[in-house]
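*Asks:* Predicted coordinates and the sequence they were generated for:
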There are 2 protein chains.
Amino acid sequence: MFRRIDHVGVAVRGIDPALELWRERFQMQLVHREVVREQGVDAALLDVGENHIELLEPLSDDTPVGRFLAKHGPGMHHLAYQVDDIDSTLAELREGGIPLIDQRPRVGIRGARVAFLHPRGTGGVLTELVEPVGR
Amino acid sequence: MFRRIDHVGVAVRGIDPALELWRERFQMQLVHREVVREQGVDAALLDVGENHIELLEPLSDDTPVGRFLAKHGPGMHHLAYQVDDIDSTLAELREGGIPLIDQRPRVGIRGARVAFLHPRGTGGVLTELVEPVGR
């Protein structure tokens, strides 16, 4: 069902100071930077093997990541799995009784098709499916 | 420095009900089960590509994962990276000013050599290094 962990999303107060840690100390390569207005974030993707770390700085306090930071502080925000076919995976999960935040995929970072599952159905883990472009 | 994400550790109230989600709904293969007394957990490892999900049920309320559950509820607990040489990686991180929980590696699940970094130096993410057996 899931090919691998695609990324772990990490909420940060500021991407630029965070990059000092992830690039300099952890020696990860920054591979993409994008403002994803629909999700209210300034985002950065770093490579770690075939997986990624996605740093998320909220565009304002009144966004999902802004509210997460106010409640929990910086740290892990969501867990994303890579899938080959997001439509059939979403259908299978829906049939299995998993509550979905996104009934249909939408366009996420780097043009990937993405969808979120509700954490109340996934053991408290906000879970994202990612079908990369070109699969 | 890091080869890939080794696993994401997920705190659960009970492993057996959690496995219903992760094995049945998410179709991940259970590859290992172990009580790690030193860390106060009953743990299960599931495969997702070359990465893993590590489910953690506390052996009592008075353990790190037990206290995490009391404060935050179930969800992501820590993020682990696979490394080839944990001694040199720890030394490099220490020189880079990253605060360590474990000054030296200890034995973790499946006999791996593991060490935790302090979340105050890693953007609020409790971070583990894992050097698998046989590397």
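*Replies:* Nice, I can see it.
*Asks:* Which residue ranges of chain A form helices?
*Replies:* Ranges of helices in chain A, per DSSP state H, are A:15-19, A:64-72, A:86-95.
*Asks:* number of nearby residues for A:Gly75?
*Replies:* For A:Gly75, the count of nearby residues is 19 (other C-beta atoms under 10 Å in any protein chain shown). (C-beta placed from N, C-alpha, C; glycine too.)
*Asks:* Might one say that it is in contact with B:Gly124?
*Replies:* Yes. A:Gly75 is within contact range of B:Gly124, at 3.5 Å (criterion: C-beta atoms under 8 Å).
*Asks:* which neighbours do the two share?
*Replies:* Here A:Gly75 and B:Gly124 have A:10-11 as joint contacts, going by C-beta atoms under 8 Å, 6 or more residues apart in numbering or on different chains.
*Asks:* hang on, the earlier thing: would you list the helices of chain A in TSV and tack on mean pLDDT, mean neighbour count and distance to chain B?
*Replies:* TSV is the format used below for the helices of chain A (pLDDT from 0 to 100; neighbours: other C-beta atoms under 10 Å in any protein chain shown; distance: least, C-beta to the nearest C-beta, whole Å):
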stretch	mean pLDDT	mean neighbour count	distance to chain B
helix A:15-19	94	15	6
helix A:64-72	97	16	8
helix A:86-95	97	15	7
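*Asks:* So which of these is nearest B:Arg37?
*Replies:* Minimum separation from B:Arg37 across the helices of chain A (C-beta to C-beta) falls at helix A:64-72, 29.4 Å.
*Asks:* any residues touching that closest one, and which ones?
*Replies:* Outside helix A:64-72, the residues touching it (C-beta under 8 Å, 6+ apart) are A:11, A:13, A:39-41, A:56-61, A:77, B:72.
*Asks:* Mind doing that once more with 10 Å?
*Replies:* For helix A:64-72, contacts defined as C-beta atoms under 10 Å, 6 or more residues apart in numbering or on different chains pick out A:9-13, A:39-43, A:56-63, A:74-75, A:77-78, A:116, A:126, B:72, B:75, B:124.
*Asks:* so what's the closest residue to A:Phe2 other than its chain neighbours up against?
*Replies:* Spatial nearest neighbour of A:Phe2, chain neighbours left out: A:Tyr81 (3.8 Å); criterion: C-beta to C-beta, 6 or more residues apart in numbering or on different chains. Neighbour list for A:Tyr81: A:1-7, A:89, A:117, A:127-130, B:26, B:28, B:48-49, B:51, B:53 [criterion: C-beta under 10 Å, 6+ apart].
*Asks:* and A:Leu79, how many neighbours?
*Replies:* Counted with other C-beta under 10 Å, A:Leu79 comes out at 24.
*Asks:* That one: what's it in contact with?
*Replies:* With C-beta under 10 Å, 6+ apart, A:Leu79 has these contacts: A:5-9, A:117, A:119, A:122, A:125-128, B:5, B:8, B:10, B:53, B:75-76, B:79.
*Asks:* Beta-bridge partners for it, please?
*Replies:* A:Val8, A:Thr127 (DSSP bridges).
*Asks:* sorry, back to before: now the contacts of A:Leu79: which count as buried?
*Replies:* A:5-9, A:117, A:119, A:122, A:125-128, B:5, B:8, B:10, B:53, B:75-76, B:79 (16 or more other C-beta atoms under 10 Å in any protein chain shown).
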